[in-house]
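> what's the 3D shape of this:
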Amino acid sequence: MESIIARALEYTLKYWLRSFSRDQFKLQGRTAQLSNLDINGDALHASLGLPPALAVETARVGKLQITLPSVSNVQVEPIVVNIDKLDLVLVEKDNSEELSSPSSASSLPSAKSSGYGYADKIADGMTVQVGIVNLLLETHGGPRHQGSAAWSPPLAAITFRDLVLYTTNEKWQAVNLKEARDFSNNKGFIYVFKKLEWQSLSVDLLPHPDMFTDARFNSSSSQDNKRDDDGAKRMFFGGERFLEGISGEANITVQRTEQNNPLGLEVQLHITEALCPALSEPGLRAFLRFMTGVSVCLNRGDVDPKAQLHAEAAGSSLVSIIVDHIFLCIKDAEFQLEFLMQSLFFSRASVSDGENSKNLSCIKIGGLFLRDTFSRPPCTLIQPSMHSVPQEPPPVPDFGQNFCPPIYPFGNQLLDLMPGTPLFSLYCLQLTPSPLPPKFASKTVITCEPLMVTLQEQSCLRIASFLADGVVANRSAILPDSSINSISFCLKEFDLSVPLDADEITRCSGTKNVCPQSSFSGARLHVENLYFCQSPSEKCPLLNLDRDPACFLLWGYQPVDASQRKWASRVSRLSLSLETSSTSNGQRTDRASSASLWKCIELDDIRFEAAMVTADGSPLSDVPPPEGVVRIGVAFQQFTSNTSVEQLFFVLGLYTYFGQVGEQISKASKGNCSGTNASADKLERKLPSDTAVSLTMNNLQLNFLESLSAIDLHLPLVQFGGDDLYLKVSHRTLGGAFAVTTNLMWRTVSVNCLEGESAAIHENDIAINGEPNILLHENGHPKMRAVFWVDHRSKHQSKEPQFIDINITHVMPYDMRDMECHSLSVSAKVSGVRLGGGMSYTESLLHQFGILGPDGGPGEGLLRGLKDLSSGPLAKLFKSSHLTDKEDEMSSSKDHDYNSKFELGVPDDLDVSIELRNWLFALEGTEGGDWFSPHGSDHISREEKCWHTTFKNLHVSGRSSDQSGSADKVVYKRALPIERFTVHHDDILSLHFNLAHNFLCSSIGQTLCGICRLELKVYRQ
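So this is what the prediction gives:
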């Protein structure tokens, strides 16, 4: 019997050890000892289910002792294997050629396909005890980084102490081996249940060897001066202890066929808590780079699964990890962050048929808190929403359902440890090797429950710089350029708070005309049902691509490939509220918000869509694609604004502040972006050849309220409304020139002013409180007077009348020598205008809003508003700048300066057409009196005080000479580019009602009827 056991052990040891011979194995009673053994890396790789890109470089045992049970108990008691030290080195291979070839797998013993024999039962029932396991993990983050050594991912030294692996039953209870094997009877499969326990786990991050070659390593300067160009400390020399003293356990299920062929491997790992009380800035950055390297290693799409395939590799595997509590504290001389995560769940399932493999990753987070304890007072930056209602867990995507047959027969028990709905969930499917389009190489679905975020400038800059070091890997490091992928993100609710200190409040809201008791202390952005998707197969109804000839590659029936990209985003509701430092003024607030919030801007049903495609069908790597086609569309159902002058200036200040902070965050988040070499290509080769951007707005409501006061009265002074606005700007390359086309259509607008006198009286540009004298409707709402509106009820209007219909086409050359193609065509139609009211009341409103000053010139408010708009982020889109530094240097030369730096000036080929249709003015005189609404009943008292001017059609057109240009046209400029003006009017009528005579009398010029045409020519001397 002992000889049978010895032969079985020899068979097992020969499989696991390299260069093992029978002479090395000698039983002394029931004990055998071996030392300095090399473990077969391929067998260990297959048994642990390691990813193909990770290779076992070293696996060495110090001392191994085998203890046999008594012969009578060999069927029920396990063989105990004691190992004092196990050293493992796992290294990521840079490409599939360096991975182990299938020939190496042939050196392994033959597969165990002869059935489940005695030796297999002994091996499965072994108990393994390891004193210490030293694991060194080296990842490269994809292809080796070409650049600063500070960006190299660090090495991870993972140490397990007092590790025990033993056999259990299906309920993870320690039983005798015979009882453990009884579960496999009549199941059709062979199940082996193992339990892994360890007492201590520590993780040390070690500097990459390349870092010691950095020039700053031998620098005599202090450690604080060893920073990168962006100010971050990434030089990581001495290593740092990341985790220590973590205990845990894992439940392992091995599934085989009845012929003893490997079928499935499942590992369920549970850790109660992971604490890192102090981590420096270089240590945190090193950890993020390490996690990025691990992510890339797991998801690389350039690895062939056949590279390390052999008979002992399971066809399917599932690894699940859950950590109940994670606490991470980052301490530095300049900042301190605390990170708390609850119920972190990670699982990765793999299914392989020998030729291809599918990998499904899942991440779930029960709770998340991020605090900035360095600021005073401490601030919570990220946390779950306190007002969210628990709902059902998000559904599993279609590609994740029934992904692989169950391995552990009773399901994943770790999911029972996550009660309720997870705060964050992610599902990602990836195919290896990456298939050719139109098949997707990866699909990702992310869902998130309501979140609350506090935006602090310094904290955001730090976090953006940290995230640039890792977390999100470059797409090219994971998938080939020719592959396609999709990602969707859904956030149910989002609250972003922006607190501001005293200096920022003064700069945003100004120092004049601000009531101290109603000053603002910040802003809050509320977003509901945010959805974002990036996929070449995404439907974009807003762009209407199927009717765009230039986008034929993006039509619905065309196959998708890597040359196409589409983005789509939707938000059901977005609102911006201002936080006040005091609520004693009794202001009106929204019930769903806190008592200190004033909701001033609301948007409903916001949609954003973008589509891009390259010109030659090559993979789209640069956004936007040079010489490609770009389509962008923005639309929202309703835009509502309720702002006073004070709020308007504060929002404009926030706009400027966001622009400045956004630039700093963008600069800090560039991080490891591999900058492309500066190109000196021509401008037309860097820009897309065909671009179009459109904006659609169904309803616009702007309410300008009375300034904040001590009384509870916030009346709308002016109401501006508009419906059906459409704006489209397109750019097209035409050989040596490009054309910019602008189309603006707006169906209707209206302007209403408050009836009566408001509560604020302005004297010398200073607001003082007074008693309101306003007119109210029966329902209590203030009565408004219409001063500007659009009427399309005339029979002369077209079927789809538009208040504004403007078309502008501007053709501009790239080179000064092509100035003969510089042209501008403008066509504008304004229809159905109705203007009423008096200039006295309009002037008082302009003074009250700060648009006009006491001297009649531009007011302080207007100048301050223009300054904020000009310094904001959108204004920088209209500032000229060189695309690259290399181009900037070349522009200093004479030849290049002649070709690319010139002023276009006014085009010689100019065609302007302005048409005014169906206009009517009803202007009030200086006398006082009752007012009326033009849509309501007419009062003769008001009509008798109005001047009425109307015309059916007034058309003004002008154009330059029709003569063809000559060679000297490049240097010659006309004094007056428009040489011919044409004015055409039809039925102009000006009337005045006289109260004294009570009948209609003619005014200046009486009545001018019929059609008149005036043509003016300008001749050059």
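
> so what touches the strand or helix carrying residue 786?
Secondary structure assignment for residue 786, by DSSP states H and E: strand 784-790. Strand 784-790 is touched from outside by 716, 719, 747-755, 803, 831-837, 841-842, 931, 933-935, with contacts defined as Cβ atoms under 8 Å, 6 or more residues apart in numbering. In short, each C-beta sits where N, CA and C put it, glycine included.

> surely residue 294 is within a strand?
No. If the criterion is DSSP: H, G, I helix; E, B strand; the rest coil, then residue 294 is helix and not within a strand.

> list the contacts of it.
Residue 294 neighbours (Cβ under 8 Å, 6+ apart): 137, 139.

> ok, residue 534 touching residue 487?
Yes. Contact criterion Cβ atoms under 8 Å: residue 534 and residue 487 qualify, at 5.1 Å.

> tell me the average confidence for the strand holding residue 786?
The average of the pLDDT scores along strand 784-790 is 84.

> give me the buried positions along that strand.
784-790 (16 or more other Cβ atoms under 10 Å).

> who touches the following helix or strand past it?
Using DSSP H and E, the helix or strand that follows strand 784-790 towards the C-terminus is strand 804-813. Residues from elsewhere that reach strand 804-813, judged by Cβ under 8 Å, 6+ apart: 734, 736-746, 819, 821-831, 904, 907.

> note down every partner strand of strand 804-813 and its orientation.
If you go by DSSP bridges, strand 804-813 pairs up with strand 737-754 (antiparallel), strand 823-831 (antiparallel).

> next, format the ones you listed as a markdown table and append mean neighbour count.
Listed next are those as a markdown table, based on neighbours: other Cβ atoms under 10 Å:
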| stretch | mean neighbour count |
| --- | --- |
| strand 737-754 | 18 |
| strand 823-831 | 18 |
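
> export those to TSV and tack on distance to residue 7?
Putting the strands paired with strand 804-813 into TSV (distance: least, Cβ to Cβ, whole Å) gives the following:
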stretch	distance to residue 7
strand 737-754	82
strand 823-831	94
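
> can you say which of those strands is nearest to residue 258?
Of all the strands paired with strand 804-813, strand 737-754 sits nearest to residue 258, with 71.6 Å by Cβ to Cβ.

> residue 82: which element?
Per DSSP H and E: strand 80-92 holds residue 82.

> swap in residue 181?
Residue 181 belongs to helix 177-181, assigned by DSSP H and E.

> for that helix, packing partners?
strand 155-168 (3 or more Cβ pairs under 8 Å, 6 or more residues apart in numbering; DSSP states H and E).

> flag every buried residue along the strand it packs on.
Buried, per 16+ other Cβ under 10 Å, within strand 155-168: 155-160, 163, 165-168.

> what about it, average pLDDT?
Here the average pLDDT along strand 155-168 is 93.

> so residue 648, which state does it fall into?
Applying three-state DSSP: residue 648 is helix.

> give me the pLDDT for it.
73.

> surely residue 351 touches residue 358?
Yes. Here residue 351 reaches residue 358: they are 4.9 Å apart, a contact under Cβ under 8 Å.

> could you tell me which residues touch both of these two?
With contacts defined as Cβ under 8 Å, 6+ apart, the residues shared by residue 351 and residue 358 are residue 403.

> tell me which stretches of the stretch 201-350 of the chain form helices.
Listed in chain order, the helices of the stretch 201-350 of the chain (DSSP state H, counting those that start in this stretch) span 281-299.

> where does it have low pLDDT?
211-238, 301-313 (pLDDT under 70).

> same question for the stretch 501-650 of the chain.
501-519, 581-596, 645.

> and what of the stretch 1-150 of the chain?
1, 95-114, 141-150.

> redo that, cut-off 80
1-6, 19-27, 29, 46, 49, 51-52, 94-115, 140-150 (pLDDT under 80).

> ok, residues contacting stretch 540-551?
554-556, 566, 568, 607, 609-611, 613, 629, 631-633, 635, 690, 694, 696.

> show the buried residues in these.
By 16+ other Cβ under 10 Å, the contacts of stretch 540-551 give 554, 566, 568, 607, 609-611, 613, 629, 631-633, 635, 690, 694, 696 as buried.

> show me which of those is closest to residue 60.
The nearest one, if we look at the buried ones among the contacts of stretch 540-551 relative to residue 60 and count by Cβ to Cβ, is residue 566, at 51.7 Å.

> would you agree the closest one is in contact with residue 608?
No. Between residue 566 and residue 608 there is no contact under Cβ under 8 Å: 11.5 Å.

> count of residues packed around residue 350?
25 (other Cβ atoms under 10 Å).

> so it touches residue 298, yeah?
No. Taking Cβ under 8 Å as the definition, residue 350 is not a contact partner of residue 298, at 9.9 Å.

> overlap in contacts of those two?
Common neighbours of residue 350 and residue 298 (Cβ under 8 Å, 6+ apart) are residue 359.

> check which helices and strands the helix or strand just after the helix holding residue 181 is in contact with.
Using DSSP H and E, the next helix or strand after helix 177-181 towards the C-terminus is strand 189-198. Under the contact definition 3+ Cβ pairs under 8 Å, 6+ apart, strand 189-198 sits against strand 155-168, strand 248-257.

> ok, which of those strands comes nearest residue 914?
Nearest of the helices and strands packed on strand 189-198 (Cβ to Cβ): strand 155-168, 70.6 Å.

> which residues of the stretch 601-750 of the chain fall in strands?
629-643, 690-705, 716-734, 737-754 (DSSP state E, counting those that start in this stretch).
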